[in-house]
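J.: here's a sequence, model it:
(chains A, B and C)
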Amino acid sequence: MSKNSLLNDLNPQQRDAVLHTKGPLLILAGAGSGKTKVITYRFAHLASAQKVSPASILAMTFTNKAAGEMRSRIETLMNRSLKGLWIGTFHALSNRILRKEIDRLGFHRDFVIYDDDDSNSLVRSILKEFKMHEAIYKGIASRISSMKAALIGPNEFLNNETSLDFDEKFARVYVRYQDELKKNNALDFDDLIMDTVRLFEEHPAVLKKYNKEISHIMVDEFQDTNTAQYRLSRLLAGEHQNLCVVGDDDQSIYRFRGADVRNIMSFEKDFPSARVIKLEQNYRSTQVILDAAGGVISQNPVRKLKKLWTEKNEGEKLYYCVANSENDEARYIAKSIRELYLKGKYSYSDFAVLYRMNLQARALEEALRVYGMPYRIIGGISFYHRREVKDIISYLKVINNPKDSVSLKRIINCPPRGIGDTTTARIENEAKKKNKSFFDAMKSLSSSSDSAALKEKISDFIEIIDELTAKRGMAPPQLIQLVLEKTGYIKWVEKERIENITEIIRMAEGMNLQELIDAASLFSGADERVDSNCITLMTLHSAKGLEFPVVFIAGVENGLLPHFHAMQNPEELHEERRLFYVGITRAKDILILSSAKKRRLYSSIQELEPSSFLSEIPSGCYFYTGMMPIPMVESVPRITPKRLRTVDFSPPSIFLPGVRVKHPKWGIGVVRDSYGETDDVKVMVNFSTVGVKRLSLKFANLERL
DNA sequence: AAACTAAAGCTTTTT
DNA sequence: GCTTTAGTTT
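T.: Predicted structure coming up:
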């Protein structure tokens, strides 16, 4: 891409930011203002126009996903591969430096990294040894984590011994924890940052080396940096001070894990020569949504003023609905999604339902399932992650492929058949020794083992699996039934979980084994499938950085949003407001807020009042619509996944109710009904442009979407 | 190794 | 109130 066309793509402020290449730069990037675009273009500009080697530009973010996205967008822009450059997460880049230099800190270069589970169990074992209450290990671990985030190592903590709130017991654990890490040649996540800072501060020559190698620094999501990460960025910027930080103080929502908005506030103090550029043009939302967002966030007293604007039109007003209970709220949301979906303009993946707490997902999930609409839950435990569902799927996976040892190990003692940790370890051993799969190791042990009891237990299990494997050609619903009976699972599993199993059987109808397994795997959370056409359910926190045409925010109540725990402390209340702001600014076209009068929370049913944040939305921005803001149209045939997949009812057409279609003249619509003989199928289609039309398939020239 | 009992915790989350 | 998990018993 030529230099000019690169710059022509940008608005004046974005261009300023890209062209400012020398010295400290603070980019205050409002929501939806093209922040990533600026970073990637700035990288490309530095490299092409400024002749800076891509190898001397360092770009840091928080998540692997964000880093990967940044990298691939720059690669596309520059049309070249950027492998091995300084683009990555704080942790990954620190790790890279430490792998080379850590011997100066007395560690070996092949140190191991402890994840949260590892550090938790280390803390636990220390507490046990100290005869302290073990159950608080999580609290201690997170306290250690925030100490390190603030660059207070055990030594610094001990130096503070005279302070009044010095916690001697905690200090002992902290010191010991750090000693143990060293003994194990291990670093936890926070150490990766803290020790890199320590390395640079204690060994100026090392820092100098990196300062020479890296001439430009860019930090994304700067409002989420903690003290250690900010210090690291400053150290890396060295004397050249070519430090560009990008962030939005209004979207700082990770205080609880050490993020410090003050970093963004004090950047100008720390770098008096810093240029500050505000990106205020929003490319995402309608004016009404921006007005609502602006009204809310303006109530926060300490912030960098930004006034978002858009060239888009006013747009549709917000809706706000009060339901009686969380279940009513969920039904209302499901119903609204169906109405909007059936109008044909939006596909399922255009919808997101956001909430403050993961537990809210339950009611929503239930309602969506009843309405037969596909959804995915980010973060929480979704249907396919339920224990019993995973168990059954694991059986199917083993039947389909006995080499799948992960699934095999999951079900080997489920229901219990006397094969516990000891036996499993033994099979594992055998498998390693003979270089066999887990299943083959079981087979050979069952014939050669010295223990008769062990032999019998294992061969019984093998027999069940073999028997089931022989029947793998069966239709999945019957196959699942067979699994449930032959394994005794149905007798063993708790009653309330059976409901979910019936649900898998129901969903399995009309699919073959491979399809079912794939469907279940596709839903397995973390690896996000963009192409899966699903409604997205997630917390407000996980929604940061994303956008959806239609956004619901559920549970807009005092106690949930703002959360109980945050209502006392003004700082935390402000963060809750920012969280709401983040939620509002995710929406492109339509934003629907809802709350429930009563809600089951933990032990009891709570009566909650609408969030006080609601009154901060300018009253002209939304409809208060009581119970049912979106009028119900005539009753619609219930679209269940089963019905969508079943082929055995006439007409044998792919244009079944719920299917989205495209008509050459009327555009996109949704099939509401289909009937008639094979050679003369009639369909009723609801088009977003012209409403419901009755068409003959033979002539209509419909395209399935 | 499994079944039982007791007890804690329960906001948000990435590395 | 319910789920998860740790510890104890059989």
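J.: where do the strands sit along the stretch 1-150 of chain A?
T.: In order along the chain, the stretch 1-150 of chain A carries the following strands (DSSP state E, counting those that start in this stretch): A:25-29, A:57-61, A:86-89, A:112-114.
J.: could you dump these into CSV and include distance to residue A:19 and mean pLDDT?
T.: All C-beta atoms are positioned from the backbone trio N, CA, C, and that covers glycine. CSV is the format used below for the strands of the stretch 1-150 of chain A (distance: least, C-beta to C-beta, whole Å; pLDDT from 0 to 100):
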stretch, distance to residue A:19, mean pLDDT
strand A:25-29, 10, 96
strand A:57-61, 15, 95
strand A:86-89, 21, 92
strand A:112-114, 39, 75
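J.: get me the contact residues on the stretch 451-600 of chain A for DNA strand B.
T.: Those residues of the stretch 451-600 of chain A that sit near DNA strand B, judged by C-beta under 7 Å from any atom of the strand, are A:538-539, A:541-542, A:563, A:565-566, A:572, A:576.
J.: turn the residues you listed into CSV, including distance to DNA strand C, secondary structure and neighbour count.
T.: Compiled in CSV, these are given as follows (distance: C-beta to the nearest atom of the strand, whole Å; DSSP: H, G, I helix; E, B strand; the rest coil; neighbours: other C-beta atoms under 10 Å):
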residue, distance to DNA strand C, secondary structure, neighbour count
A:538, 19, strand, 19
A:539, 18, strand, 20
A:541, 20, helix, 16
A:542, 20, helix, 15
A:563, 16, strand, 17
A:565, 16, helix, 11
A:566, 20, helix, 21
A:572, 23, helix, 16
A:576, 22, helix, 22
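J.: would you tell me which of the strands of the stretch 1-150 of chain A gets closest to DNA strand C?
T.: With C-beta to the nearest atom of the strand as the criterion, DNA strand C lies closest to strand A:112-114 of the strands of the stretch 1-150 of chain A, at 16.5 Å.
J.: strand partners (parallel or antiparallel) of the closest one?
T.: Listed by DSSP bridges, the sheet partners of strand A:112-114 and their directions read strand A:186-188 (parallel).
J.: mind checking what helix or strand follows the partner strand in sequence?
T.: Helices and strands here follow DSSP states H and E; after strand A:186-188, the next one along the chain is helix A:189-202.
J.: mind listing residues that contact that next one?
T.: Helix A:189-202 is touched from outside by A:90-91, A:94-95, A:97-98, A:101-102, A:104-105, A:107, A:113-116, A:144-145, A:148-149, A:151, A:153, A:181, A:187, A:206-207, A:210, A:226, A:228-229, A:231-232, A:235-236, with contacts defined as C-beta atoms under 8 Å, 6 or more residues apart in numbering.
J.: try it again at 6 Å.
T.: With C-beta atoms under 6 Å, 6 or more residues apart in numbering as the contact definition, helix A:189-202 has outside contacts at A:90-91, A:94-95, A:97-98, A:101, A:105, A:145, A:148-149, A:207, A:228-229, A:231-232, A:235.
J.: what are the ranges of the helices in the stretch 501-650 of chain A?
T.: A:513-522, A:540-543, A:570-584, A:641-645 (DSSP state H, counting those that start in this stretch).
J.: which strands or helices does the longest one pack on?
T.: If contacts are counted by 3 or more C-beta pairs under 6 Å, 6 or more residues apart in numbering; DSSP states H and E, helix A:570-584 sits against helix A:287-297, helix A:540-543.
J.: would a markdown table of the ones you listed with mean pLDDT be doable?
T.: As requested, the helices and strands packed on helix A:570-584 are exported to a markdown table (pLDDT from 0 to 100):
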| stretch | mean pLDDT |
| --- | --- |
| helix A:287-297 | 95 |
| helix A:540-543 | 92 |
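J.: ok, and which of these has the densest surroundings?
T.: Per-residue neighbour counts averaged over each of the helices and strands packed on helix A:570-584 give the maximum for helix A:287-297, namely a mean of 24 (mean count of other C-beta atoms under 10 Å).
J.: tilt between it and helix A:570-584?
T.: Here the directions of helix A:287-297 and helix A:570-584 differ by 170 degrees (axes from the mean of the first three to the mean of the last three C-alpha atoms, to 10 degrees).
J.: tell me which helix or strand comes right after helix A:287-297.
T.: The helix or strand immediately downstream of helix A:287-297 is strand A:318-323, counting by DSSP H and E.
J.: tell me what angle that next one forms with helix A:570-584.
T.: For strand A:318-323 and helix A:570-584, the angle between their directions (the same axes, to 10 degrees) works out to 110 degrees.
J.: other SSEs contacting strand A:318-323?
T.: Contact partners of strand A:318-323 among helices and strands, from 3+ C-beta pairs under 6 Å, 6+ apart: helix A:326-342, strand A:587-596, strand A:622-624.
J.: so which of those comes closest to residue A:84?
T.: The closest of the helices and strands packed on strand A:318-323 to residue A:84 is strand A:587-596. By C-beta to C-beta, the value is 36.7 Å.
J.: can I get the closest one as PDB, trimmed to CA atoms?
T.: Provided in PDB are the C-alpha atoms of strand A:587-596 (Å, rounded to 0.1, in the frame of the first residue of the first chain):
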ATOM      1  CA  ALA A 587     -24.100  -1.600  20.500                       C
ATOM      2  CA  LYS A 588     -24.100  -0.500  16.900                       C
ATOM      3  CA  ASP A 589     -27.800  -0.200  16.200                       C
ATOM      4  CA  ILE A 590     -30.100  -1.300  19.000                       C
ATOM      5  CA  LEU A 591     -29.600  -1.300  22.700                       C
ATOM      6  CA  ILE A 592     -32.100  -2.900  25.000                       C
ATOM      7  CA  LEU A 593     -31.800  -2.700  28.800                       C
ATOM      8  CA  SER A 594     -33.700  -4.700  31.300                       C
ATOM      9  CA  SER A 595     -34.000  -5.300  35.000                       C
ATOM     10  CA  ALA A 596     -36.000  -7.600  37.200                       C
END
